[in-house]
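In: need a 3D model of the sequence below.
(2 chains)
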Amino acid sequence: DTGVSQDPRHKITKRGQNVTFRCDPISEHNRLYWYRQTLGQGPEFLTYFQNEAQLEKSRLLSDRFSAERPKGSFSTLEIQRTEQGDSAMYLCASSSAAGTGELFFGEGSRLTVL
Amino acid sequence: EDKVVQSPLSLVVHEGDTVTLNCSYEVTNFRSLLWYKQEKKAPTFLFMLTSSGIEKKSGRLSSILDKKELFSILNITATQTGDSAIYLCARANQGGKLIFGQGTELSVKP
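Out: Here you go, the predicted model:
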């Protein structure tokens, strides 16, 4: 399977713990996006990378959130000191800058903070 | 942040019905308008629209964009239970970032 893969698919944690999600994009895609989705809402933009450069970060993203894409391939999204309001589906997507603009999404990582 | 507004938020129909889903957006830094279908997992791509008045079709689904009035519609004819899903509309800016609407939850009853 050469689609976008995310790991873990589900994470349950206690408030105050740190969590990290990983995303492996489609190999030839140089753009990588993180979105968050809660029940009844559309995906909400968090941040995106072109190669290893983080080009934009949502103002909604607090200092507890950090994302990296160190070699321009996979990316990690870390949430420190989790809060119950962080419970959501975290979606990763990738695209090619030279492509048609369509984003290809992974299956998501569902976070539950108790 | 520029908004994308979808209506209705939810819709229940019976198999064989035709449905029209609506999406309106704000114009700043517009590149394209995309439709996605989301079942229990990741959104899957349906259409991308960049030009006004040109209908895109895929089987029973079709979509069109009106750049003057800043909206798009997604039509599904002869609905089937497998069409039950959340339909997401998103506006892409020049950098490729997508801003999504809330989605329309479609339920097709047998």
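
In: quick one: contacts for whatever residue of chain A ends up closest to chain B?
Out: Scanning chain A for the residue nearest chain B gives A:Gly42, at 3.4 Å (criterion: C-beta to the nearest C-beta). Using the backbone N, CA and C atoms, a C-beta is placed for each residue, glycine as well. Residues near A:Gly42 by C-beta atoms under 8 Å, 6 or more residues apart in numbering or on different chains: B:Val4, B:Gln6, B:Leu88, B:Ala90, B:Phe100, B:Gly101, B:Gln102, B:Gly103.

In: and the residue in chain B that chain A sits nearest to, what pLDDT?
Out: Using C-beta to the nearest C-beta, the point where chain B gets nearest to chain A is B:Phe100, with a distance of 3.4 Å. Per-residue confidence for B:Phe100 comes out at a pLDDT of 94.

In: swap in the one 4 residues further on?
Out: B:Thr104 carries a pLDDT value of 97.

In: same question, A:Leu60
Out: 77.

In: quick one: it is in a strand?
Out: No. A:Leu60: not assigned to a strand; according to DSSP: H, G, I helix; E, B strand; the rest coil it is coil.

In: name the nearest residue to it, sequence neighbours excluded.
Out: In space, not counting the residues next to it along the chain, A:Leu60 is nearest to A:Glu44; the distance is 6.8 Å by C-beta to C-beta, 6 or more residues apart in numbering or on different chains.

In: where does chain A dip in pLDDT?
Out: Scanning chain A with the threshold set as pLDDT under 70 gives A:1, A:98-100.

In: now the strands for it?
Out: Counting by DSSP state E, chain A has strands at residues A:5-7, A:10-13, A:19-24, A:31-37, A:44-50, A:53-57, A:65-68, A:75-79, A:88-95, A:104-105, A:109-113.
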